[in-house]
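> this one's structure only:
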């Protein structure tokens, strides 16, 4: 072997790019062992997810054309997917809506630590939980907002619904809300297709036993029919007293579609937003855009970026030079061969 | 037991092959290689440096993948139970208690029950809790879980005003189904909290009897009496003509179930608190449960290997010659 080169030459070797890259790699690994982190403050929200479990939500008109799923099933999948796309620290609760009221099943819990419990609760939401069959959506929305006001102040509302109101409302008989619009932020997520579809009647085991017909729905009177005196009825002629007490335009009420008009009207009254359900990404983005929320500090570990940087530096320091360049750049070092 | 957080990152282990071909060393041209005598020591050193490079890359990739050691769950024996809270959420739960001093504006029964049950859950960190509520239909709350915060959130949710009727049979059936196919590692309890009763038809009676026997579960019934209402211990009064007294007959049916059964009648929130404390005391039987030890992060260890490897390579680089010396 050759004798040890003079110190000056060795120091020259240390000034090469390869040597510096290797130094950088070692430094990255050394700092990575200490696992430094950044504290990032971000806003996380609290959301109460309310699921409409009335029978129109069993209508199978969601998903791809060859694999139709019910609106409720679609909503469940959507909600579960949304959980994965919300930052840790976000709190989510679960409620169901039937008749005029919402029933909270779970008050908001943190999404990352309690992912399993939230999944358990959401996946068990079922139309069989219903205690009645009516769907007074206006009252339901007010009830959801009221739940938030009394039980979970600071939360925002996420209401998965098709907007189907049954029995239909008479014109001018829309229930009024006594709250301030926009007081509680939230969004109504519209489900269902744009063409009217039959609503299935499901049996105990969840099989389709039949479909709602116009005669079935005609059997349920709408609340708040206009009150007429006997004299008025006589003046108007016909057999008004025995005429069906149905709201105008509700003849095709046995068919169901996404009622954007109802959702928009509700949004106007309550200051909530509306959206048509598409993807978990869309829902998560909608939720994060809602006002409110709390600041939480999240620690972002720098270990992974440091390790990646170290790995890249190490591999680059080992990589051979591109051959074309090396032919041009290689210094011609004169040497004297000496046989030892 | 070894575990990995991001197994997909292990594909990058393929990169560890690169240093076997790429040595990254300074090369010097030589006029006539056959003239150089074989040098096994140099060859061994060259191979070692390449292997060091490969190991360094592999260690860094392992650190990226989040390699850690997860001890297996250790079985411990403590005291506690598997409790399914079966809560009545019918409309009447929004009414006040029956106690003598009851008046308007008192805490509704539903809210008092939710508050006291939440404390009950908080005091029993080792128990597994399930949650079922019922009104006209049974409602699944939570499957038996050790997630205390979630159970308390589910109990708190029941403080909302109730709806509908009291369908006790459906609630009990759903509660008992919670135990199905679960290992029997502790005493099982169905904690029924209701303010009324309903007649259970013969078929449901048989089914519930069978489920109790199959699942070997005890039953505690905390009855919250409504002002002016009847209780389970009031037998029907023949003087009053037809009197279904469903509470009385349900109590008789429960006593006849052949399982460990207790009835608590609570007229006031204090009586409810005493009943819950009594259940808490009774249910301290041996319970087998699993505790998962905290995991050992090995990423730091992997990075230390990577650091050692890169320092060795640095040492080799600093010893390189830049020219053949005389």
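Received it, and whenever you're ready, just let me know what you need. Given the structure is predicted, the values throughout are model-derived calculations rather than measurements.
> So which residues on the stretch 1-150 of chain B come close to chain A?
Neighbours of chain A within the stretch 1-150 of chain B, by Cβ under 8 Å from any Cβ of the partner chain: B:12, B:15, B:18-19, B:22-24, B:26, B:28-32, B:35, B:39, B:42, B:53, B:56-57, B:60-61, B:63-64, B:89, B:133, B:135-143, B:145, B:147, B:149-150. Using the backbone N, CA and C atoms, a C-beta is placed for each residue, glycine as well.
> The stretch 201-326 of chain B now?
B:299-300, B:303-304, B:306-307, B:310-311, B:313-314, B:317-326.
> Among those residues, name the ones in helices.
Judged by DSSP state H, the subset of those located in helices is B:299-300, B:303-304, B:306-307, B:310-311, B:313-314, B:317-318.
> and the residues you listed, which are buried?
B:299, B:303-304, B:306-307, B:310-311, B:313-314, B:317 (16 or more other Cβ atoms under 10 Å in any protein chain shown).
> Need the max-distance pair from these.
Greatest spacing in these, by Cβ to Cβ: B:299 and B:317 (26.3 Å).
> need the contact list for residue 296.
Picking chain A for this. By Cβ atoms under 8 Å, 6 or more residues apart in numbering or on different chains, the residues touching residue A:296 are A:41-42, A:44, A:89.
> ah, I was thinking of chain B
Contacts of residue B:296 by Cβ under 8 Å, 6+ apart are B:68-71.
> Compare those and tell me which has the most neighbours.
Most neighbours among those, by other Cβ atoms under 10 Å in any protein chain shown: residue B:68, with 16 neighbours.
> In chain B, where is pLDDT below threshold?
B:98-106, B:241, B:243, B:283-285, B:287, B:289-292, B:325-326 (pLDDT under 70).
> ranges for the strands of it?
B:2-4, B:67-69, B:74-88, B:128-134, B:138-145, B:187-194, B:217-224, B:261-266, B:285-291, B:296-297 (DSSP state E).
> and the third one, how far from the chain's centre?
Computed by Cα atoms, centre = their mean, to the nearest Å, the chain-centroid distance of strand B:74-88 equals 11 Å.
> And what about the closest residue to residue B:156 other than its chain neighbours, helix, strand or coil?
Spatially, and ignoring its direct neighbours in sequence, residue B:156 is nearest to residue A:107 (4.6 Å; Cβ to Cβ, 6 or more residues apart in numbering or on different chains). State at residue A:107, reduced to three classes by DSSP: H, G, I helix; E, B strand; the rest coil: strand.
> Could you double-check that residue A:107 lies in contact with residue A:92?
No - counting by Cβ atoms under 8 Å, residue A:107 sits too far from residue A:92 to count as a contact (9.9 Å).
> what is in contact with these two at once?
Counting by Cβ under 8 Å, 6+ apart, residue A:107 and residue A:92 have no contacts in common.
> which residues touch residue A:135?
A:52, A:54-56, A:98-99, A:164-166.
> would TSV of those with pLDDT be doable?
Below are those laid out as TSV (pLDDT from 0 to 100):
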residue	pLDDT
A:52	93
A:54	91
A:55	89
A:56	89
A:98	90
A:99	87
A:164	88
A:165	85
A:166	80
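> Of these, which count as buried by neighbour count?
Buried subset of the contacts of residue A:135 (neighbour count, 16+ other Cβ under 10 Å): A:52, A:54-56, A:98-99, A:164-166.
> Please determine how far residue A:320 is located from residue B:25.
10 Å (Cβ to Cβ, to the nearest Å).
> what does residue A:164 give?
Applying Cβ to Cβ, the value for residue A:164 to residue B:25 is 74 Å.
> Please apply the same query to residue A:187.
Using Cβ to Cβ, residue A:187 is found at 62 Å from residue B:25.
> of the two, who's got more company?
Taking neighbours as other Cβ under 10 Å, residue A:187 and residue B:25 compare with residue A:187 leading, 22 against 15.
> Let me see the contact set for the more buried one.
For residue A:187, the contacting residues are A:156-159, A:272-275, A:286-287, A:290, by Cβ under 8 Å, 6+ apart.
> a helix runs through it, doesn't it?
No - counting by three-state DSSP, residue A:187 falls outside a helix, being strand.
> ok, and the closest non-adjacent residue to it?
residue A:273 (4.2 Å).
> Quick check: the one you found touching residue A:291?
No - contact criterion Cβ under 8 Å: residue A:273 and residue A:291 do not qualify, at 10.4 Å.
> And the two? Which one has more around it.
Set residue A:273 next to residue A:291 and count neighbours by other Cβ under 10 Å: residue A:273 wins out with 18 against 9.
> list the contacts for the more buried one?
Residues in contact with residue A:273 (Cβ under 8 Å, 6+ apart) are A:185-188, A:267, A:286, A:290.
> how about these in TSV, adding distance to residue B:160 and pLDDT?
Shown next, in TSV, are the contacts of residue A:273 (distance: Cβ to Cβ, whole Å; pLDDT from 0 to 100):
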residue	distance to residue B:160	pLDDT
A:185	20	93
A:186	17	93
A:187	21	94
A:188	20	94
A:267	24	93
A:286	25	92
A:290	22	89
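> Report the buried members of these.
Buried by 16+ other Cβ under 10 Å: A:185-188, A:267, A:286, A:290, out of those.
> buried stuff in whichever strand or helix holds residue A:40?
Using DSSP states H and E, residue A:40 falls within strand A:37-44. Within strand A:37-44, the residues that count as buried by 16+ other Cβ under 10 Å are residue A:44.
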